[in-house]
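Novice: return atomic coordinates for the entry below.
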Amino acid sequence: MIKSTLDAFALIREVFANYKISFIELRGIEVAEVCQIFERINQAGKPLDIFDIVVAKTFRSENKTNNISGFYLRELFDKFKKTISSSQYASIDNWTLLQMLAVVVKLQFPNAGIQNITDKYLNELKTEHIEAVWPDFKIAVAKTFKFFDNCLHIKGPKLIPYRYLYLTITAYFYRNDNPDYDFLNKYFWYYSFHNDDLLTNTTHLWEHIDFVNQQKSKITYLFNQFKIDKNRIRKSFYSSRGRLSRAILSLYANHEPQDWAKPHNYVLSNVYYLFTDKPNLHHIFPVNFIKQSGIANQIESDSLMNIAYLTQITNLEISDKNPLDYLKKYDEPSLETVLRSHLIPTIILEWSRADALPENALSIFIEERVNLLLEALRLKLEGIEFNVFDMGNRTDNISS
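Specialist: All right, here's what the predicted structure looks like:
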């Protein structure tokens, strides 16, 4: 047994000793060609991620003899994320973080060749430029996440309406010792809810960065008239990628909704978004109840105006009960305050106390909640011309 084992080891040793390793040395070729070779040999034709390419291009070995420090971008990103590990924003992907970095490099070094945030220009990031902006970049990104988390009460990246908001707000915080949070609040809600998609491409992005930097530089800035279609709010439904859907859920979260069963508890917390891609959302008029009673159509049933954040336990307790019945269980003196924290019209509580639902109860409820949402937005955009129109009723046009 021992002899056979020794023979096996001897054979393995002989194989390794005589194994020929292929080695090809290439000189004077471009990075694109290196990447192409790597993709063909090491990745079976799978294209390299732009972050991997930038990491490789900007890598620098430490040389103590010549007093040259090492540089490894992946390690910088990982260490930074550890410093904010208590926040859900630590899960942000490296590609977005790299684009945020490119924006700051462009601001700090206009002639560095970073004209945009596409892969073509991300590939032009230089080690020395990253090193120069990195300390202030980390501060700006941390402030951006803190603004979303602590100021807006949006506890994770899944609800940020536009991904480009990470980039524009980081640009605003970069080397900004006196940020105006009232301006930032207006900026966030204005563009999140505006009827037109005004932050969907890189042209919009740089226009936005110029706009926020006007305020940062104390140059006069002006928000144009805010426009919103009441019917789009009324008919909005849950979509994990929809801009308006995220905006509405962000506004609900911003009001720090309280638990119906335990009013002293807030529904949302840092761990709330850990378990599922879809937040724990409750139909105020449960879907099965609506189907059985026939009080509404499918659009009204699925409207985000019929949705509220609830803890899982409270959600299970309510199940598909008639709202007249389940509200009686929570009808304490504080319930009206709790409902207002969800932007839920208290008319539903009046119906519960009267033990009677109007025939078109859900339609009435949705209209009341749309109005509450618009009033909350109006307060957030105070000082900006506010134009509400209704494509579901073209005669309705309200400006203020």
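
Novice: following whatever helix or strand residue 227 lives in, which helix or strand shows up next?
Specialist: Using DSSP states H and E, residue 227 maps to strand 226-229. With elements assigned by DSSP H and E, the helix or strand that comes after strand 226-229 is helix 230-234.

Novice: quick revisit: what's the strand holding residue 227 packed up against?
Specialist: The contact analysis (3 or more C-beta pairs under 8 Å, 6 or more residues apart in numbering; DSSP states H and E) places strand 226-229 against helix 181-193, strand 386-389. Bear in mind the C-beta positions are built from the backbone N, C-alpha and C, glycine included.

Novice: looking at those, which is closest to residue 308?
Specialist: Closest approach to residue 308 among those is made by helix 181-193 (18.8 Å; C-beta to C-beta).

Novice: give me the residues contacting the closest one.
Specialist: 147, 151-152, 161-162, 165, 169, 172, 198-199, 208, 212, 215, 223, 226, 228, 243-244, 246-247, 250-251, 377, 380-381, 383-384 (C-beta atoms under 8 Å, 6 or more residues apart in numbering).

Novice: in ChimeraX, how would I select just the buried ones from the residues you listed?
Specialist: A single ChimeraX command is used to select the members of the contacts of helix 181-193 judged buried by 16 or more other C-beta atoms under 10 Å:
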select :147,152,161,162,165,169,172,199,208,212,215,223,226,228,243,244,246,247,250,251,377,380,381,384
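
Novice: count the residues that sit near residue 174.
Specialist: Counted with other C-beta atoms under 10 Å, the neighbours of residue 174 add up to 22.

Novice: residue contacts, it?
Specialist: By C-beta under 8 Å, 6+ apart, the contact list for residue 174 reads 104, 107, 108, 133, 136, 137, 140.

Novice: and what of residue 224?
Specialist: Counted by C-beta under 8 Å, 6+ apart, residue 224 has contacts residue 385.

Novice: that one and residue 193, how far apart?
Specialist: Note on residue 224: its distance to residue 193, by C-beta to C-beta, to the nearest Å, is 14 Å.

Novice: ok, now how distant is residue 368 from residue 343?
Specialist: Taking C-beta to C-beta, one finds residue 368 at 10 Å from residue 343.

Novice: who's more crowded, these two?
Specialist: For residue 368 and residue 343, the more surrounded residue by other C-beta under 10 Å is residue 343, and the numbers stand at 22 against 17.

Novice: for the more buried one, what is the enclosing helix or strand?
Specialist: Per DSSP H and E, there is no helix or strand for residue 343.

Novice: what's the closest non-adjacent residue to it?
Specialist: Leaving aside its chain neighbours, residue 343 sits nearest to residue 372 (4.8 Å; criterion: C-beta to C-beta, 6 or more residues apart in numbering).

Novice: and the helix or strand containing residue 121, how far out from the chain's middle?
Specialist: Here residue 121, judged by DSSP H and E, is contained in helix 119-122. Centre-to-centre, helix 119-122 and its host chain are 23 Å apart (C-alpha atoms, centre = their mean, to the nearest Å).

Novice: now the helix or strand hosting residue 102: buried residues?
Specialist: Remark: residue 102 resides in helix 94-108, with elements defined by DSSP H and E. Buried residues in helix 94-108, counted by 16+ other C-beta under 10 Å: 94, 96-108.

Novice: likewise for stretch 342-354?
Specialist: 342, 343, 344, 345, 348, 349, 351, 352.

Novice: in TSV: those, plus pLDDT and distance to residue 12.
Specialist: Formatted as TSV, these follow (pLDDT from 0 to 100; distance: C-beta to C-beta, whole Å):
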residue	pLDDT	distance to residue 12
342	96	68
343	97	70
344	97	72
345	97	77
348	96	76
349	95	78
351	96	80
352	95	78
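
Novice: could you list the low-pLDDT ranges of this structure?
Specialist: For the chain, applying pLDDT under 70 flags the ranges 1-6, 15-16, 19-47, 269-279, 394-400.
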